[in-house]
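Q: Next come a sequence and a model predicted from it.
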Amino acid sequence: MSNKSTLKPVKARITDIRKMTEIENLVTIKFQNPEYAENFNYTPGQFVKLGVMGVGEAPISLCTAQSDNSELEFCIRNAGRVTNAIHSQKVGDVIWVRGPYGNGFPMDEFYGKDLLLVAGGLGIAPIRGVLQYATQNREKYGEIIVLYGIRSYDLMLFKDDVLHYFREGDAEGVKLYLSYEDQEDLVLNGLVSERDDRITNGLVTKLFAIMDEPADNTVAILGGPPIMYKFTVMELEKMGFTPEQVYMTLERRMKCGVGQCGQCIVGTGKSIKYVCKDGPVFTLWDAMNTKGMI
Amino acid sequence: MLINILEKENLVEFFEAMQSYGEVVAPVRATDNAHRFQPVKGIDELDLDYTRTMIPPKKYFIQPKETLFTFNKEKEKYLEPPSIDKSMVLLGVHACDINAMNLLARVFMEELPDKYYLERRKNSVIVGVSCTPDEKCFCKSTGTDYAQEGFELFLHDIGDKYLVRVGSLKGHNIVKDHSELFAAPEKGDLDAFKEAEKTRLSSFTIEIEMSGLQDHLDMSYDDPLWAEYAEKCLGCGSCNLVCPRCRCYDVQDYINLDMNTGERVRMWYSCMLKDHGLVAGGHNFRPTSMERLRNRINCKGSLREEMPNCVGCGRCTVFCPADIDFVEILQKVRGDIK
Amino acid sequence: MTKPRLGIFSLTGCAGDQLQILNMEDELLNLVARFHIVDFQEGSSHKESGPIDIAFVEGSVSTETDLRHLKEIRERSSVLIAFGNCATDGCVQAMRNGETTLAQRLKDVYGVEPDYYDALESKPIREYVKVDFSIPGCPVEKDEVVKAITSLLHGDSPLGYSYPVCVECKLHEYPCVIVEDNKPCLGPVVRAGCEARCPGLGLDCIGCRGPVEDGSNFAAELQMLLDKGYTEEFIMNRLRIFSGELPEDFLGGAK
Ligand SMILES: Cc1cc2nc3c(=O)[nH]c(=O)nc-3n(C[C@H](O)[C@H](O)[C@H](O)COP(=O)(O)OP(=O)(O)OC[C@H]3O[C@@H](n4cnc5c(N)ncnc54)[C@H](O)[C@@H]3O)c2cc1C
Ligand code: SF4
Ligand code: SF4
Ligand code: SF4
Ligand code: SF4
Ligand code: FES
């Protein structure tokens, strides 16, 4: 039974809350109904609507790879009413879930290919799901390159994962590069002295200059703000990526998540799309044919 | 297709018969410009010879504002309103509105059914009626001036009789249960129907060319015309709220003073309103009224399920307080007028 | 759990909004029970000093005393809410701002020199202090007040109305008085929240809830009404009776 039918949420309970930054928490939840948990199948890039009764719902990316322990993790930024309410919840509290919704990254179409993951800011959330999936199914993918742009160490998300791959990724075939904006940042400046071939000061696009040349069969997977897409796409095009080789996930206002409420509309008469249902993952080719998408 | 004839002199009996299928809602004159669908008790209250209601009949399926569920936080439960078993007869619906509801039915009833829409449609009888276009109607251009499906019965005015098309098994049963009111069509009736259709189709005064319109819209993305219209547009949202094809909605939670119980409410919404493109952190994907207006016209000019997303009812033009003419915009997009 | 400390304050206005709170009868008891009332001029003479969690301020700033009082309230309060149109928009007292100087008006109306009273040009409170949230209306809508307070108690920021009266007018299927009768309705540029009460009675909206800050197009409203034969003076007066001091870019065109 997948409860996709209406706007009816199902009950889950918060099992863990970890502070990631001043404004972001990693929230782990578990469905109350085991049957529902068993049938909750998803791919990275898909999202759920998380809700607190009396406040509302917000679309939040699944940031893990499918596993069978029926727990789900969400990286949630306190950005407004609903997300603030989620941040005020305690372990054991109820949280209401609908989903999974949308189209995730087609991980099985990527079999045999190299992956270039580019993340900026909160966009790391869905990308982390992709990375987890790819490392759990390591033999199915070629080389994995991760470019992650942050402002400062304080704002770095998934610090454990990031630092692990930064230091020891090579052994697992994951090359993780970091860029940071705050020149004064002591921790990140420290990382530069650890491995200056993997970290640089500046925007994430600067990493294209220092990373190893990707192979022809690489797919690029982007998660970040619209402005990052614009500049990243320019770099990727320079390197010869075709529009079908570039995937990205989009953010829009979403009320229903199922293609009904119309609020996530994008495009022209020729190309109207509802980001919740037709996306949130799109290719660069989709974006080129849908004005206003990026 | 099954066809029957209903003499106009049997209309009172027909109306009374329809009352046995549920509360009858029908067009009643509200103002000079508009009728309103509302419950009627007798045939003298309604007016089948009308042009358009301001609010389309979709309001009976997806209501302007409705409670999705009530919740109780302490009990960790929520409760949907009881199933809707009240039946309803929508009498006198025009082809454009039926076609509009056919699209809404795909959105709300098929892939991810909406309980409310589904139950209400299942419990309703839709009786269509033919109409004469006025100077704002352009449903012929959008190909939605004739309803092929989405009704139980459709009454075509052919003089002192109605030719009645049967659109569903439910409709067939209605005819069967009241066979005394209906007769088999004769050759003359069919001829009268054809004549009536000819007259109807020749009465349109405005049109838009739909062929390739979607590409024209795409090419006009950066055209100055959007800004010109935006200058006149009040951003009031009326055009969307009267549109039979618009389905945008907003969802809001309200909690009671006990801090425990409350409700989640759904409300019609409009892309002409500023918050339609707003996300957390204050970023707006359509921050200017130019972008909002462009989005509306593009959405309306797009194809949804192979059908134009506008059924040509003329409401958005008639009820725009700023007199912004939808057809005129599309004609400019096409370059038909400057 | 300790009760949030609530203060309800009046600057220059008719205190009609405080009355509206007193009018809420059953809800009032319920409401009061959830707060520790620090100050409520209209309801009791009890006053306490110390910090305030939620302050409702009604009335506009029209005197130096108002201004001192307001600044002091702001300093004591975590959340400050502009309550009613005087506080939100300045309302009728601010209607003539910018037309003649305050000194001139004092002279014309009271025949006194500028320093006779401690008068200031009437302004909405946002002109002087940070306002966390506004509950507009002349007077405020009970339902909106209850909803705002419940949201605050629940730990959320209250929901405002970012859209115009026309939306509620359409949801109620009220005939549009502009379209039907060419009446000078301000609905398209005025905040919803009244359930389109006036158009529901066949009357044109006179704007008692103040302007929709963002996203409305007053220039177009003005032009539309001019085209219908209304004068600019009539339209501006009507708008400013309740909207008083208009937000800076409100009179501009499409946004
Ligand atoms: C596909 C998708 C995946 C996302 N994944 C994450 C994630 O993993 N972690 C995370 O922290 N954030 C994520 N976001 C952003 C997150 O949904 C918004 O921050 C959140 O909705 C803000 O709601 P709020 O009520 O807290 O904010 P407010 O600003 O108070 O929201 C006000 C209203 O606007 C709507 N709204 C505001 N912003 C958004 C938005 N961006 N998207 C949809 N509706 C919005 C809300 O429904 C709400 O009713 C994602 C957004 C999308 C579309
Ligand atoms: S866009 Fe206008 S004409 Fe077309 S269906 Fe909607 S209201 Fe009718
Ligand atoms: S996006 Fe606009 S035009 Fe399209 S359905 Fe929604 S309100 Fe209507
Ligand atoms: S009804 Fe007219 S004025 Fe109002 S938003 Fe639509 S186009 Fe603009
Ligand atoms: S009557 Fe006034 S408020 Fe109502 S739709 Fe018309 S302009 Fe808007
Ligand atoms: S979120 Fe409702 S249509 Fe996309």
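A: Sure, I can see it. Residues are numbered from 1 along each chain as shown, chains lettered A, B, ... in the order given. Ligands and ions are numbered 1, 2, ... in the order given.
Q: neighbours of A:F31, just the number please.
A: 19 (other C-beta atoms under 10 Å in any protein chain shown). Every C-beta, even on glycine, is put in place using the N, C-alpha and C of the backbone.
Q: swap in C:H36?
A: Residues lying near C:H36 (other C-beta under 10 Å) number 14.
Q: need the contact list for it.
A: The contact partners of C:H36, taken as C-beta atoms under 8 Å, 6 or more residues apart in numbering or on different chains, are C:2-6.
Q: Narrow those residues to just the buried residues.
A: By neighbour count, with 16 or more other C-beta atoms under 10 Å in any protein chain shown, these hold C:4-6 as buried.
Q: Any chance of the residues you listed in a markdown table with secondary structure, distance to chain A and pLDDT as columns?
A: A markdown table is the format used below for those (DSSP: H, G, I helix; E, B strand; the rest coil; distance: C-beta to the nearest C-beta, whole Å; pLDDT from 0 to 100):
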| residue | secondary structure | distance to chain A | pLDDT |
| --- | --- | --- | --- |
| C:P4 | coil | 15 | 88 |
| C:R5 | strand | 20 | 90 |
| C:L6 | strand | 20 | 87 |
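Q: Near chain B, list only the ones from the residues you listed.
A: Among those, no residue sits close to chain B (C-beta under 8 Å from any C-beta of the partner chain).
Q: Which one of those residues is nearest to ligand 1?
A: C:P4 (20.9 Å; C-beta to the nearest ligand atom).
Q: That closest one: what's it in contact with?
A: C:34-36, C:53-54, C:152-153.
Q: do the lowest-mean-pLDDT helix or strand in chain A and chain B meet at all?
A: Using mean pLDDT, DSSP states H and E, helix A:34-38 stands out as the lowest-scoring helix or strand of chain A, at a mean of 85. No: shown here: helix A:34-38 not in contact with chain B (C-beta under 8 Å from any C-beta), separated by at least 15.0 Å.
Q: State the next helix or strand along the chain beyond that helix.
A: Next helix or strand after helix A:34-38 toward the C-terminus (DSSP states H and E): strand A:47-52.
Q: contact partners of that following strand?
A: Strand A:47-52 is contacted from outside by A:9, A:57-62, A:72, A:74, A:76, A:82, A:85-86, A:89, A:95-102, A:126, A:254, A:257, A:280, using C-beta under 8 Å, 6+ apart.
Q: can you list the buried ones among the contacts of C:H36 in a markdown table and add distance to A:D196?
A: Below are these laid out as a markdown table (distance: C-beta to C-beta, whole Å):
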| residue | distance to A:D196 |
| --- | --- |
| C:P4 | 53 |
| C:R5 | 55 |
| C:L6 | 57 |
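Q: who's in contact with the residue of the stretch 151-255 of chain C found nearest ligand 1?
A: Nearest to ligand 1 in the stretch 151-255 of chain C, going by C-beta to the nearest ligand atom, is C:S157, at a distance of 7.4 Å. For C:S157, the contact set (C-beta under 8 Å, 6+ apart) comprises A:81, C:132-133, C:151.
Q: Spatially, which two of these are the most separated?
A: Taking C-beta to C-beta as the measure, these span a maximum distance of 13.6 Å, between A:R81 and C:D132.
Q: what about the two, which has more around it?
A: For A:R81 versus C:D132, the count of surrounding residues by other C-beta under 10 Å is larger for A:R81: 19 against 16.
Q: Let me know the pLDDT of the more buried one.
A: You'll see A:R81 listed with a pLDDT of 94.
Q: Please report how far it lies from B:D160.
A: 61 Å (C-beta to C-beta, to the nearest Å).
Q: now do B:E9
A: 8 Å.
Q: do B:V93 as well
A: 22 Å.
Q: Flag the shaky bits of chain C, pLDDT-wise.
A: Scanning chain C for pLDDT under 70 picks out the ranges C:1, C:13-22, C:24-26, C:28-29, C:41-46, C:91-120, C:215, C:247-255.
Q: Tell me which residues touch the spatially most central residue of it, please.
A: Geometric centre of chain C, nearest residue: C:N85, 1.7 Å, by C-alpha atoms, centre = their mean. If a contact means C-beta under 8 Å, 6+ apart, then C:N85 has C:91, C:136-138, C:208-210, C:242-244 as its contacts.
Q: neighbour-wise, which of those leads?
A: Counting neighbours by other C-beta under 10 Å, the top entry in the contacts of C:N85 is C:S243, with 31 neighbours.
Q: who touches that residue in this structure?
A: Taking C-beta under 8 Å, 6+ apart, one finds C:85, C:89-91, C:207, C:210-211 in contact with C:S243.
Q: which one of the residues you listed is nearest B:D47?
A: Using C-beta to C-beta, the contacts of C:S243 come closest to B:D47 at C:G207, 35.0 Å.
Q: Pull the number of nearby residues for that closest one.
A: Neighbour count of C:G207, defined by other C-beta under 10 Å: 24.
Q: What about the closest residue to it other than its chain neighbours, how many residues nearby?
A: Leaving aside its sequence neighbours, C:G207 sits nearest to C:L186 (C-beta to C-beta, 6 or more residues apart in numbering or on different chains; 4.1 Å). Counted by other C-beta under 10 Å, the residues lying close to C:L186 total 25.
Q: Look up how far ligand 5 lies from C:L186.
A: Distance, C:L186 to ligand 5, by C-beta to the nearest ligand atom, to the nearest Å: 7 Å.
Q: No further questions, thank you.
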